[in-house]
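following is a predicted model, sequence given first.
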Amino acid sequence: MRDLIPRPWVFRQPALRAVLGLTLLAGLVSGFVVPFLPLVARDRGASYGTIGLMASTFLLAQLVFQFPAGALADRIGRARPVMAGLLIEGAATAAFAWAESTWAFVALRLVQGIGLSLIYPAVRALIVDLAPVERRGEAFAAFWSMLNVGWLLGPALGGLLVSVVGKVPLLVLSGLGEMVLVVPAAFAFRRLIAVRDEVTRTVTGGSFRPLLGPPLFAAMLLAFGFEVPVGIFSGIWSIYLSELGASELALGLSYTAFSVTNLLTLPVGGRLANRRPRWRRMTILALCLGMIVVSYGIPSVPVLLLLAAVEGALVGLLIPSVDAYLSTIAGPEHQGRVQGAYTTAGIAGAALSALGSSALYGLGQWVPFTVAGVALVALALPASLVMRVTERATVPESRVRSLV
C-alpha cells in the first residue's frame, strides 16, 4: 500500500527524514511549556518587569550566540552542536521547576537561548548539506512544516498535560524529554558525523570574509524585515485583540489561522523555491505581505482572523524561496556561518521591534502595524534588487557544492 501512495521527495531520503522527525519532536516537546514559563515565574512572585526581562534575555542570547554557533557547526560538524543544544535547553527547562528568584528565571531563559542557538543554525546547515541544490526549496519547506506542526500541537498538548500533572511536573517532563532526544539524534546522526568530518577535512578552509558582501547582506535585510512584524506581534498582539473585545478563543484562533494556511502553502512554496529567478517572486510576495501587516490596523476581530490566514499563506509561499537562495551563496564549509548570520539578523529585527512595540502602540493602535509593514517593504525591495543582480551573476546552481 505504501508503494501505491507516492511520498514527497524529502520523506524518501532517510537522512532528511531523520532530521525532520527530530525537528518535529523537538518542537513538540519544547512547545509543551512555552505558554507556562511566564505563569510559573508569576506564581513564584516574579513581576511583569521580570517576565519581560526573561523574554528579552532569551532573544538577546540568540542575538549574541547564533553566529558563533554557526561557525562552530562549520568547524566541528552539525550533529554535535545539535545534541549539545538539546541537552542544554532541556536541562534549563527542567531547572525551572526549582527556580525561585528573579535572577534564576532570567538566567535559565538565557541558557535556553544559548541551547537554541546551538541547534538552529546547525540544523539549517545540515539541511543544506543533505539536500541537492535543486531540491533545497522543498527541504526547507518541509523543515518549516515540521516546526509549525510542533509549535501548533505542543502548547495544546501541554495544556492537556497541565490539567493532569500540573505546571511544575510538566517542566521536568518537557526538559527530560528534550534531553532524551539526544539518544535518537546520536543514532540518526552517527553516519552524518562521519560524513561531515570527512567534508571538514577536505573542503573547510578559506576566509569567510568574501561572503560578507551583497548576496548575504540582501538575505540579512530580508530576515530583519520579516522579523520586525514578529516582534511587534509578540509585544502587543494579545493586548490589541483584548482591547477590541476578542475572546480567548479568538486569540487562539488568530494563531491557528496563520499556522493552518502556512502548512497548506509551504509545499507549494517549496516547489516554487526551486525555480529561478526567485527575486521577482520574492518582491511580489513581500509587497503583499507588507500590505497585510499594515491592514492589521483595521479594528475588527473577524477581519484580523482573515488577515492572519492570508499572512500564513503568503509566508508559506515566500520563506522557502529565501532559504533556497541563502543556501546557494556559499559551499558547505561556510553554511553554518551563513545560516548563523541570517538568523542573527532576524533575531535583531524581532528584538528591536518588540522593544519599541509598546511605545508605538501608545501613539495609536494602528501605528505599530503601519511601521512594521512599511519597514518590511522598505527592506525587502532593495534586498530583492540585490538578489536580482546576484542571481544573474552567479554560476548555475547545479554547480554549487553539496554533500550529496
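Structure received.

only C-alpha atoms from now on, for both contacts and neighbour counts.
OK.

gap between stretch 71-87 and the chain center?
Going by CA atoms, centre = their mean, to the nearest Å, the spacing between the C-alpha centre of stretch 71-87 and its chain's C-alpha centre is 17 Å.

dump the residue contacts of the residue nearest to Leu385 when sequence neighbours are not counted.
Distance criterion CA to CA, 6 or more residues apart in numbering; nearest residue to Leu385, sequence neighbours excluded, is Trp279 at 7.2 Å. Contacts for Trp279 were tallied using CA atoms under 8 Å, 6 or more residues apart in numbering; they are 384-385, 387-388.

per-residue confidence for Cys392?
Actually, residue 392 is Arg rather than Cys. With respect to pLDDT, Arg392 scores 67.

compile the contacts of Trp279 into a markdown table and extend it with columns for secondary structure, pLDDT and neighbour count.
Formatted as a markdown table, the contacts of Trp279 follow (DSSP: H, G, I helix; E, B strand; the rest coil; pLDDT from 0 to 100; neighbours: other CA atoms under 10 Å):
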| residue | secondary structure | pLDDT | neighbour count |
| --- | --- | --- | --- |
| Ser384 | helix | 87 | 23 |
| Leu385 | helix | 86 | 15 |
| Met387 | helix | 84 | 26 |
| Arg388 | helix | 84 | 16 |
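
in JSON lines: these, plus distance to Gln339.
Converted to JSON lines, those look like this (distance: CA to CA, whole Å):
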{"residue": "Ser384", "distance to Gln339": "18"}
{"residue": "Leu385", "distance to Gln339": "21"}
{"residue": "Met387", "distance to Gln339": "17"}
{"residue": "Arg388", "distance to Gln339": "20"}
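
so which of the residues you listed comes closest to Val10?
Met387 (26.3 Å; CA to CA).

so that closest one sits against Pro215, correct?
Yes. Counting by CA atoms under 8 Å, Met387 does reach Pro215; the two are 6.5 Å apart.

looking at stretch 14-29 now, give me its mean pLDDT.
Mean predicted lDDT for stretch 14-29 stands at 85.

and it, how far out from the chain's middle?
The answer for stretch 14-29 is 14 Å, by CA atoms, centre = their mean.

next structured bit after the helix or strand bottoming out on mean pLDDT in the chain?
Least confident element among the helices and strands of the chain, by mean pLDDT, DSSP states H and E: helix 182-203 (a mean of 62). Sequence order places helix 214-243 as the next helix or strand after helix 182-203, per DSSP states H and E.

what is the burial count for Val183?
11 (other CA atoms under 10 Å).

quick one: it from Ala125, how far?
Using CA to CA, to the nearest Å, Val183 is found at 21 Å from Ala125.

equivalent analysis for Thr390, please.
On the measure of CA to CA, Thr390 and Ala125 end up 21 Å apart.

same drill for these two, tell me which one is more crowded.
More crowded of Thr390 and Ala125, by other CA under 10 Å: Ala125, with 25 against 18.

mind giving me the packing neighbours of the helix or strand that one falls within?
Assigned by DSSP H and E, Ala125 belongs to helix 102-130. Packed against helix 102-130 by the contact rule (3 or more CA pairs under 8 Å, 6 or more residues apart in numbering; DSSP states H and E) you find helix 14-31, helix 48-76, helix 79-95, helix 136-165, helix 335-362.

report the angle between the fourth one and helix 14-31.
With axes from the mean of the first three to the mean of the last three CA atoms, to 10 degrees as the basis, helix 136-165 and helix 14-31 are set at 40 degrees to each other.

after helix 136-165 comes which helix or strand?
Toward the C-terminus from helix 136-165 - assigned by DSSP H and E - lies helix 167-180.

just the CA trace of that next one, in CSV.
Provided in CSV are the C-alpha atoms of helix 167-180 (Å, rounded to 0.1, in the frame of the first residue of the first chain):
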residue,chain,number,x,y,z
LYS,A,167,2.8,23.0,35.6
VAL,A,168,5.9,22.1,37.6
PRO,A,169,5.9,18.3,36.7
LEU,A,170,5.3,19.4,33.1
LEU,A,171,8.5,21.5,33.2
VAL,A,172,10.5,18.4,34.3
LEU,A,173,8.8,16.2,31.8
SER,A,174,9.4,18.6,28.9
GLY,A,175,13.1,19.2,29.9
LEU,A,176,13.8,15.5,30.3
GLY,A,177,12.0,14.7,27.0
GLU,A,178,14.2,17.2,25.2
MET,A,179,17.4,15.7,26.7
VAL,A,180,16.2,12.2,25.9
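
so for that helix, what's the average pLDDT?
On average, helix 167-180 scores 90.

flag every buried residue along that helix.
Across helix 167-180, burial judged by 16 or more other CA atoms under 10 Å covers 167-168, 170-179.

which outside residues touch that helix?
The contact list for helix 167-180, computed with CA under 8 Å, 6+ apart, reads 26, 29-30, 32-33, 36, 40, 86-97, 158, 161-162.

how far away is the closest residue to Asp74 other than its chain neighbours from Ala354?
Among residues not flanking Asp74 along the chain, Gly336 sits closest, at 5.2 Å (CA to CA, 6+ apart). Look at Gly336 and Ala354: by CA to CA, they are 27 Å apart.

quick one: which of these two has more around it?
Taking other CA under 10 Å, Gly336 and Ala354 do not tie; Gly336 has more neighbours (32 against 23).

separation between Ala350 and Gly231?
For Ala350, the distance to Gly231 - CA to CA - is 4 Å.

show me what the helix or strand harbouring Ile319 is packed against.
Following DSSP H and E, one finds Ile319 within helix 301-327. Counting contacts by 3+ CA pairs under 8 Å, 6+ apart, helix 301-327 packs against helix 136-165, helix 214-243, helix 248-273, helix 279-295, helix 335-362.

report the buried residues of that helix.
301, 304-305, 307-327.

avg pLDDT for that helix?
91.
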